[in-house]
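Colleague: got a sequence here, can you model it:
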Amino acid sequence: MSKRSELSTSLEKALKTTLVRNLKSTSHGRPMVIAKSFISKTSNVFESIDEKWAAESFEFDPNVECYISQPFSFNYENPNGRIVRYTPDLLVRYVGRTYKFIELKDERGASSAKTLKKHMEVTPIFEDIIGYPIEIFNRAEHQPKRTFANLQLLNRFQRLFLDETVTALIKSKVGKDGCSFAELTTIAEAYEQPVSYVMTLLAKQEFTFDMTEIVTPNTLLIAA
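Modeller: Numbering: from 1, shown residues only. Sure, this is the predicted structure:
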């Protein structure tokens, strides 16, 4: 079994702050992408655009309260006796204040022997020492092509603002069974709001829909 050599920072600090490692000094690579998290209200650093897009799934997961990238690094001794440095890609806090560490991978990376070997080595450390599980996030499983297209589309509208009063009025006009995108657009127009406002309602998760299907005028929207 792998064993811990040291933790470079306390778990309590990692969970309560937005600590981000210094990629320049601790990674073979350099930071490639800096992306703002709208649910966490932080800027996160990713080593590739693929990691950045994989993390988008957590922006639109109603069970996620917030997350940070590259939360901390630690050293451990692998089965060959070598001291290895490891940094999880994300630390996610879910509704109910439960935590999970995430390793972001594409389809090939998620099933590679190298990834599975390292995952097997660090899993006991996370479960037995740190006290929270680590999971491999396979982007191909969580982001089929249509879901990815929706994530790209909604991401543009996260930067816009909603008027709380107008939003409440619009939602009050929608029954518990929801309405179509076209119907919501008509309701918004009655309050002098453009289609972009409707898209922002979706981006801010004021309305939910089936993310595995591309948004069309007939898409069913349910008020959150």
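
Colleague: quick check: buried residues in the helix or strand hosting Ile34?
Modeller: Here Ile34 sits within strand 33-37, counting by DSSP states H and E. Of the residues in strand 33-37, those with enough neighbours to count as buried (16 or more other CB atoms under 10 Å) are 33, 35, 37. (C-beta placed from N, C-alpha, C; glycine too.)

Colleague: distance-wise, check the last one relative to Thr165.
Modeller: The reference is to Ser37. Counting by CB to CB, to the nearest Å, the gap from Ser37 to Thr165 is 26 Å.

Colleague: Leu184 contacts Lys171, doesn't it?
Modeller: No - using CB atoms under 8 Å, Leu184 and Lys171 do not qualify as a contacting pair, with a distance of 9.5 Å.

Colleague: the residue sitting nearest the centre point of the chain sits in which helix or strand?
Modeller: When the chain is reduced to its mean C-alpha position, the closest residue under CA atoms, centre = their mean turns out to be Phe58, at 2.3 Å. Assigning secondary structure by DSSP H and E places Phe58 in helix 49-59.

Colleague: got the angle between that helix and strand 33-37?
Modeller: Inter-element angle recorded for helix 49-59 and strand 33-37: 10 degrees (by axes from the mean of the first three to the mean of the last three CA atoms, to 10 degrees).

Colleague: ok, and what's touching helix 49-59?
Modeller: Residues lying outside helix 49-59 but in contact with it, judged by CB atoms under 8 Å, 6 or more residues apart in numbering, are 32-33, 35, 37-39, 44, 46, 64, 67, 69, 89-90, 92, 102, 104-106, 137, 139, 142-143, 147-148, 151-152, 155, 158.

Colleague: then that helix to PDB, C-alphas only?
Modeller: Listed in PDB are the C-alpha atoms of helix 49-59, where the atom choice follows Å, rounded to 0.1, in the frame of the first residue of the first chain:
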ATOM      1  CA  ILE A  49      -8.200  23.700 -22.200                       C
ATOM      2  CA  ASP A  50      -9.500  20.100 -21.800                       C
ATOM      3  CA  GLU A  51      -9.300  20.400 -18.000                       C
ATOM      4  CA  LYS A  52     -11.000  23.800 -18.100                       C
ATOM      5  CA  TRP A  53     -13.900  22.500 -20.200                       C
ATOM      6  CA  ALA A  54     -14.200  19.300 -18.000                       C
ATOM      7  CA  ALA A  55     -14.600  21.600 -15.000                       C
ATOM      8  CA  GLU A  56     -17.500  23.400 -16.700                       C
ATOM      9  CA  SER A  57     -19.700  20.400 -15.700                       C
ATOM     10  CA  PHE A  58     -19.300  21.400 -12.000                       C
ATOM     11  CA  GLU A  59     -20.500  25.000 -12.800                       C
END
